[in-house]
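Undergrad: compute the structure for the input listed below.
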Amino acid sequence: MSLKAIAATLGLSVTTVSRALNGFDDVAEATRKRIIEEADRRGYRPNAAARRLKTGRANAVGLVFPVSNATLNDSYYSEMLLTLDQRLARHEIDLLLLPDKPQDQQRTLLRMLRSGALDALIVTHTTPHDLRLLRLQQKGFRFLTLGRSTLPQPYAWFDYDNHAGTLLAAQHALQQGHQRLAYLGGNEPGTYILERRRGFMDALKPHRPPPQVVALPPTRRAGYQQTCAWLAQGALPDAIITDCSPLGEGTAIALQQAGRLSGPQAVALYVYDGLPHDSIVDQPVNAILQSSQQRIGECVAGMVLDLLEDRPVAQLQTLWQPILRLTSDAQ
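TA: Numbering: from 1, shown residues only. Here you go, the predicted structure:
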């Protein structure tokens, strides 16, 4: 099925049809929609090899993630990736998952970039001073980050206001009269981990007694064991804030088993991103929420497409604000 057939059916030029299917923004949205619908109806798929020769692009975007991190198993993260992959696929762009191996010192990644196999990178789990990003910027390679870092030049990024999320939770706990607050956070060097911890500490600056802050592996087991230790010591806080779903679920399980997740002796629990969709905990907890992962995937995909069209990176910087969903809202 050729472009000529689609153009003839719709009464449009072949050039207009071609530009619409290749994602150019000089085609009216209503016209683009008609063209895509007709192409889908006919089962039209562009010749990938011919398209690469014409555009000089690989039609592939890599997503870099750390091999030591289990977030790909998280249902929230998986939904975002699925949406991102589907949106890019509409433009005949493949999404490739690339493991980030610290011991490799980015040699494999840089080799892929030199080969021309990728048009851009999405880099996850950024650190405050991220050498990966600095190298990409120095080489002039297109990239977008999920999270932020300190770089000498502007770059494209998507991020949540992680500082604001834990700040909201801690301020609410204090407003509810809780005096002994504790924070369970990850022990990795990611920017978002540090920002979430900083938000909690900023809310507690004028507060006494000082809060308990514990850095742990971001797992259910770690959250469960730490909460059980507090219970055994008789040192359970009035309120606990966790910086991720796995730590939150482990904490919730320990509190539920002790009869301290609800009722008159309940400990107020605030979980960043809320409990996992498949959590075995059957009672609601306070949740710091970003947005639906589907919306995030859509937003990131749109930014990647803009990046591939060489839109100025200073215009590709998106910061989303969190909200606090309380247990009273869920009842």
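
Undergrad: can you spell out which helices and strands pack onto the helix or strand hosting Arg41?
TA: Arg41 belongs to helix 29-42 when assigned by DSSP states H and E. Using 3 or more Cβ pairs under 8 Å, 6 or more residues apart in numbering; DSSP states H and E, the elements in contact with helix 29-42 are helix 3-10, helix 14-21. C-betas here are computed from N, CA, C, even on glycine.

Undergrad: tell me the most buried of these?
TA: helix 14-21 (a mean of 19; mean count of other Cβ atoms under 10 Å).

Undergrad: for Ser328, give its distance to Tyr44.
TA: 52 Å (Cβ to Cβ, to the nearest Å).

Undergrad: so between these two, which is more surrounded?
TA: Each of Ser328 and Tyr44 has its neighbours counted (other Cβ atoms under 10 Å); Tyr44 has more, 17 against 8.

Undergrad: picking that back up, ok and the helix holding Arg41 relative to helix 14-21, angle-wise?
TA: Orientation note: helix 29-42 sits at an angle of 90 degrees relative to helix 14-21 (axes from the mean of the first three to the mean of the last three Cα atoms, to 10 degrees).

Undergrad: what angle sits between helix 29-42 and helix 3-10?
TA: 120 degrees.

Undergrad: return the distance of helix 29-42 from the chain's centre.
TA: Its chain's C-alpha centre and that of helix 29-42 lie 30 Å apart, by Cα atoms, centre = their mean, to the nearest Å.

Undergrad: what's the burial count for the residue nearest to Ala5 when sequence neighbours are not counted?
TA: Of all residues not flanking Ala5 in the chain, Arg42 sits nearest, at 7.2 Å (Cβ to Cβ, 6 or more residues apart in numbering). Residues lying near Arg42 (other Cβ under 10 Å) number 13.

Undergrad: could I get the full set of strands for the chain?
TA: Secondary structure of the chain (DSSP state E): strands at 60-66, 94-100, 120-123, 143-146, 156-160, 181-186, 212-216, 239-242, 268-272, 286-289, 317-320, 323-325.

Undergrad: what about the shortest one, average pLDDT?
TA: Okay, so that is strand 323-325. Strand 323-325 comes out with an average pLDDT of 95.

Undergrad: can you check stretch 305-316 too?
TA: Within the predicted structure, the mean pLDDT of stretch 305-316 is 93.

Undergrad: list the buried ones in that stretch?
TA: Neighbour counts over stretch 305-316 (16 or more other Cβ atoms under 10 Å) mark Leu305, Asp306, Leu307, Leu308, Val313, Leu316 as buried.

Undergrad: circling back: please identify the most buried of the strands of the chain.
TA: strand 239-242 (a mean of 30).

Undergrad: can you put the strands of the chain in TSV and add distance to Arg34?
TA: Formatted as TSV, the strands of the chain follow (distance: least, Cβ to Cβ, whole Å):
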stretch	distance to Arg34
strand 60-66	27
strand 94-100	26
strand 120-123	29
strand 143-146	30
strand 156-160	30
strand 181-186	48
strand 212-216	54
strand 239-242	49
strand 268-272	43
strand 286-289	37
strand 317-320	29
strand 323-325	38
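
Undergrad: any idea how far Phe141 lies from Ala232?
TA: Distance, Phe141 to Ala232, by Cβ to Cβ: 52 Å.

Undergrad: more neighbours: which of these two?
TA: When Phe141 and Ala232 are compared on other Cβ under 10 Å, the one with more neighbours turns out to be Phe141, at 15 against 9.

Undergrad: ok, now which ones touch that one?
TA: Leu113, Ala120, Leu121 (Cβ atoms under 8 Å, 6 or more residues apart in numbering).

Undergrad: how about those residues in JSON lines, adding pLDDT?
TA: Listed next are those as JSON lines, based on pLDDT from 0 to 100:
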{"residue": "Leu113", "pLDDT": "73"}
{"residue": "Ala120", "pLDDT": "93"}
{"residue": "Leu121", "pLDDT": "93"}
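
Undergrad: and of the residues you listed, the nearest to Asn162?
TA: The nearest member of the contacts of Phe141 to Asn162, counting by Cβ to Cβ, is Leu121 at 21.8 Å.

Undergrad: tell me the contacts of the residue nearest to the closest one when sequence neighbours are not counted?
TA: Closest residue in space to Leu121, ignoring its immediate chain neighbours: Phe143 at 4.3 Å, by Cβ to Cβ, 6+ apart. Going by Cβ under 8 Å, 6+ apart, Phe143 touches Ala120, Leu121, Ile122, Val123, Leu133, Leu136, Gln137, Tyr155, Ala156.
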